[in-house]
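[1] compute the structure for the input listed below.
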Amino acid sequence: MDEAFRRRDAKLRDIGKRVGPQDVEDLYQDAFVKIVERSQAEHIPKLDNLLRHVVRCLTIDRSRRKASRLTFTSDEAGDNVVDAVADPERHVIGAQRLKRVMAAIDAMPPKRREVFLLHRVEDLTYAQISRRLDVSIKTVEKHFALAMRQLSDTDD
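    All right, here's what the predicted structure looks like:
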């Protein structure tokens, strides 16, 4: 049992280097919730690998959320001023990009759109999508690859 605690502490230190000590426990708990939910739907052969992947994804999500939030600071006169991180130009560019992506998703053939949304929005694996749609995993892979190509074409 002591070995398990040492591994947990080592993992927490690794996570802390990425997200800061104040968020370590929350992130670790969020990761385990996702893993438990996923393990109920499918067998997970390498739990440590999945844990690293989930922590990495959650870390990226949190840093993106922090970067996109409006932050207010006080100037010398005590007035609240919007921080430069949230400038209006970035907001407009992001809104325009979101519209292009949503239009590209809407323009996808129905099966391709369904595969894409099941994987990206509902976070289902290819195997789960294959069972749900009664198609082969290769078909799911093909539809998802085509969806990603179609979306990457919108960035040009």
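[2] which strands or helices does the lengthiest helix in the chain pack on?
    Among the elements of the chain assigned as helix by DSSP state H, the one spanning the most residues is helix 47-68. In terms of contact count using 3 or more C-beta pairs under 8 Å, 6 or more residues apart in numbering; DSSP states H and E, helix 47-68 is assigned the packing partners helix 2-19, helix 24-41. Heads up, the C-betas are built off the backbone N, CA and C, glycines and all.
[3] for the last one, packing partners?
    For helix 24-41, the contact count by 3+ C-beta pairs under 8 Å, 6+ apart identifies helix 2-19, helix 47-68 as packing neighbours.
[4] of the ones you listed, which shows the lowest average pLDDT?
    When mean pLDDT is averaged over each of the helices and strands packed on helix 24-41, helix 2-19 scores lowest at a mean of 65.
[5] start to end distance for stretch 129-139?
    Taking C-alpha to C-alpha, to the nearest Å, the first and last residues of stretch 129-139 lie 10 Å apart.
[6] what's the answer for stretch 40-53, then?
    Between the start and the finish of stretch 40-53 there is a gap of 18 Å, counting by C-alpha to C-alpha.
[7] list the buried residues for that stretch?
    If you call a residue buried by 16 or more other C-beta atoms under 10 Å, then stretch 40-53 has these buried ones: 50-51.
[8] just stretch 127-134 next, same as before
    By neighbour count with 16+ other C-beta under 10 Å, stretch 127-134 contains the buried residues 128-130.
[9] where in this structure is pLDDT low?
    Applying pLDDT under 70 to the predicted model, the residue ranges of the chain that meet it are 1-6, 8-9, 11-22, 24, 28, 47-48, 65-87, 155-156.
[10] let me see the domain layout of it.
    The chain breaks down by automatic domain parsing into domains covering 2-68, 88-154.
[11] what's the neighbour count on R7?
    Residues contacting R7 under the criterion other C-beta atoms under 10 Å number 11.
[12] likewise V115?
    Each residue near V115 was counted by other C-beta under 10 Å, and the total is 28.
[13] I60 versus L51, what's the distance?
    Computed with C-beta to C-beta, to the nearest Å, the distance linking L51 and I60 is 15 Å.
[14] which residues are in contact with stretch 31-43?
    Residues outside stretch 31-43 that contact it (C-beta atoms under 8 Å, 6 or more residues apart in numbering) are 44, 47, 50-51, 54-55, 58, 125, 127-128.
[15] between those residues, which sits nearest Q150?
    For the contacts of stretch 31-43, the residue nearest Q150 by C-beta to C-beta is T125; the value is 21.2 Å.
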